[in-house]
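>>> fold the following for me, if possible:
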Amino acid sequence: MELWLNGEYWGLYGAREKTDERWIADTYGIAHPDLANQWEPLQGPLSAFEVSTSPLLELEDAAFASAFHAAFDVPAYMDYFIFEIHGQNVDWLSADWGLKNLKFFRDAAVRGPWRYVLFDLDACFGAWGTPPSFNSLQSALNPPYPSLHSDLFEAFLDHPDFRCGFASRYCDLLNSVFEPDAFSEAVFAAAESVTLVMPRHIERWGSPWSMDEWFSKVEAIASHNAARVPASREHLRSAFGWASAKEVTTTWSPVGGGSVSVNGLPGTWPAWSGEYFGECPVTLTAEPAPGFGFTGWSCGAHGDAAWFDEGAPFLQAELEADDTFEAHFAPCLGGVDLFIAESAGGLQAVALGLPAPGSYTWWLDGVAIGTGPTLETPVEGAVVALTVGGCTLVSGAWGEAAVAVPELPNPALKIYPNPASDHLVIAAAGMPWEIFHVASGQTSLTGTHSHIDLSNWSTGVYAVRVPGHPLQRFVIVR
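A predicted model of the protein is given here:
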């Protein structure tokens, strides 16, 4: 934003919200936060952070992991530390002049989880003369002035699951947000948005000295990041004593048949590449496009690996060498509608228009967690894969694109109650209907009457087919 004070031009400013309790309420919906910086509480009691987190340092293994998950928003924790470390913020945890620029908060009503606030980043990406080779990861683990924050971070990375999670997420960001071309594009786009007003700012304040100097500083940020990427990866490797990172390349065929993601990062055509450490599994996901199914993987160096399942849409790849993974798709099972419904306390795979019986596998975060059409316990993020004759479809994730009890799309056909227990009403104006059990595809009843006794029917998901109308689903629960 440009600022004028009493009609006098005052230059270009970067406006941002003040990260106080009002910002927390607006952003996170937390009405009563505990909020503190490195020196004092800003909202809430003095010892809230210390009392709730210092006991973690006495725990080990599973007990530590469970307590840390309860005390911190772990995904946000990792992203925060990764950005500060990759950006080499020398005015932060590892400052030579003491702990600086820390701010953290939690919902006081439920006592957790804690989240850090990313702010005051003017010392990042070489702005204060830090070379790209400076090992800011080791500096965060062993700062000149150790604190509870650095002690917790060290304990976090000592746990093998958190260590792999942190390293994998760091590699994800090195392969995406911090990937040199992507990062440079974002930096230059931000600079372009203020290029026209910079001459006025320079004329007002004489800082920077000229447009050429300003352009050179913008380019220096992009160049510093480009040099930081390999350095960050090497610092991870040396900190954990791992082998060198391996390059994973993904592609798929045909071009419109689907896509492949790596740890959730979407692939690009004709190929996507990134580097990861073989000590931590990488999740490869084959995602069929509408009208297509997944038919298998091919790769070069890992075809005989124990974890490589050619027909599984998810792979937990433990990389031993650089390799290319190609997902193959085909126009199969195009008329099948696969989704997840909640039924009798669990989850039910529903496949409408199934031409033949198939097999079901339930997955969570790329790991198989069950087989068969039902999953006894609902799990947020679970997906189900249906395989028929070498063709596999994958549903949306439960809790995201899942369907509990669908809305009826055609008011001329009414089915109620839904869910049902002992009876069902089909208001179809006397038209013939067919009810079939969606898991088996078998017809359960046909007729034209409107009231159906369900007292002897099995629980599950059913569908009603009426000529000229879309299929309507209903669930029997007891």
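
>>> give the contact list for residue 102.
With contacts defined as CB atoms under 8 Å, 6 or more residues apart in numbering, residue 102 is in contact with 37-38, 92-93, 116, 149. No exception for glycine: its C-beta is placed from N, CA and C like everyone else's.

>>> closest to residue 329 out of those?
residue 116 (41.4 Å; CB to CB).

>>> tell me, how many residues neighbour that closest one?
When neighbours are counted by other CB atoms under 10 Å, residue 116 registers 18.

>>> can you check the one 3 residues further on too?
If you count neighbours by other CB under 10 Å, residue 119 ends up with 11.

>>> and residue 280, by the same measure?
22.

>>> secondary structure element holding it?
Residue 280 belongs to no helix or strand when assigned by DSSP states H and E.

>>> apart from its chain neighbours, what residue comes closest to it?
Leaving aside its chain neighbours, residue 280 sits nearest to residue 164 (3.7 Å; criterion: CB to CB, 6 or more residues apart in numbering).

>>> and if you look at residue 471?
Once flanking residues are discounted, residue 471 sits nearest to residue 463: 4.9 Å by CB to CB, 6+ apart.

>>> am I right that that neighbour is in a strand?
Yes: assessed by DSSP: H, G, I helix; E, B strand; the rest coil, residue 463 belongs to a strand.

>>> walk me through the domains of the protein.
Under the assignment automatic domain parsing, the domains of the chain span 2-174, 246-330, 337-394, 414-476.

>>> what number of residues lie near residue 148?
Neighbour count of residue 148, defined by other CB under 10 Å: 14.

>>> the strands in the stretch 301-450 of the chain, which residues?
Remark: strands assigned in the stretch 301-450 of the chain by DSSP state E, counting those that start in this stretch are 314-317, 323-330, 337-343, 346-352, 359-364, 367-371, 374-375, 383-388, 391-394, 414-416, 423-427, 433-437, 443-447.

>>> now do the third one: which elements does it pack against?
When contacts are defined as 3 or more CB pairs under 8 Å, 6 or more residues apart in numbering; DSSP states H and E, strand 337-343 sits against strand 346-352, strand 383-388, strand 460-465, strand 472-476.

>>> and it, average pLDDT?
The average pLDDT for strand 337-343 rounds to 83.

>>> direction included, what does that strand pair up with?
Strand 337-343 has its sheet partners listed here by DSSP bridges as strand 346-352 (antiparallel).

>>> may I see the buried residues of the partner strand?
If you call a residue buried by 16 or more other CB atoms under 10 Å, then strand 346-352 has these buried ones: 347-352.

>>> quick one: it to strand 367-371, angle?
Between strand 346-352 and strand 367-371, the angle comes out at 80 degrees (axes from the mean of the first three to the mean of the last three CA atoms, to 10 degrees).

>>> now strand 346-352: how far from the chain's centre is it?
Relative to the chain's own centre, strand 346-352 is displaced by 24 Å; criterion: CA atoms, centre = their mean, to the nearest Å.

>>> quick one: average confidence on stretch 443-463?
The pLDDT scores in stretch 443-463 average 87.

>>> then stretch 385-393 to PDB, C-alphas only?
Presented in PDB, the C-alpha positions along stretch 385-393 are these (Å, rounded to 0.1, in the frame of the first residue of the first chain):
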ATOM      1  CA  ALA A 385     -10.700 -48.700  -3.800                       C
ATOM      2  CA  LEU A 386     -12.800 -51.000  -5.900                       C
ATOM      3  CA  THR A 387     -11.200 -53.400  -8.300                       C
ATOM      4  CA  VAL A 388     -13.100 -55.300 -11.000                       C
ATOM      5  CA  GLY A 389     -11.200 -57.400 -13.600                       C
ATOM      6  CA  GLY A 390      -7.900 -55.500 -13.300                       C
ATOM      7  CA  CYS A 391      -9.500 -52.000 -13.300                       C
ATOM      8  CA  THR A 392      -9.500 -50.000 -10.000                       C
ATOM      9  CA  LEU A 393     -11.600 -46.900  -9.000                       C
END
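
>>> mind listing what's buried along that stretch?
In stretch 385-393, counting by 16+ other CB under 10 Å, buried: 385-388, 391-393.

>>> can you give me how far it is from the chain middle?
The chain centre lies 25 Å from the centre of stretch 385-393; the measure is CA atoms, centre = their mean.

>>> now swap in stretch 340-352 and tell me
Here stretch 340-352 is found 24 Å from its chain centre; the criterion is CA atoms, centre = their mean.

>>> need the contact partners of that stretch.
Under the contact criterion CB under 8 Å, 6+ apart, stretch 340-352 has outside partners 336-339, 358, 360, 362, 373-379, 382-384, 386, 393, 395-396, 398, 402-405, 419, 438-439, 459-461, 463, 471, 473, 475-478.

>>> just the buried ones from those residues?
So, by 16+ other CB under 10 Å, the buried ones in the contacts of stretch 340-352 are 336-339, 358, 360, 362, 373-375, 378-379, 382-384, 386, 393, 395, 398, 402-403, 405, 419, 438-439, 459-461, 463, 471, 473, 475-476.

>>> how far away is the residue lying closest to residue 17 once chain neighbours are set aside from residue 151?
The spatially closest residue to residue 17, leaving aside those adjacent along the chain, is residue 23, at 5.0 Å (CB to CB, 6+ apart). Residue 23 sits 28 Å away from residue 151, going by CB to CB, to the nearest Å.

>>> beyond the helix or strand harbouring residue 200, next helix or strand please.
Assigned by DSSP H and E, residue 200 belongs to helix 198-205. Using DSSP H and E, the helix or strand that directly follows helix 198-205 along the chain is helix 211-240.

>>> residue 218 against residue 191, yeah?
Yes: between residue 218 and residue 191 a contact is recorded at 4.6 Å, counting by CB atoms under 8 Å.
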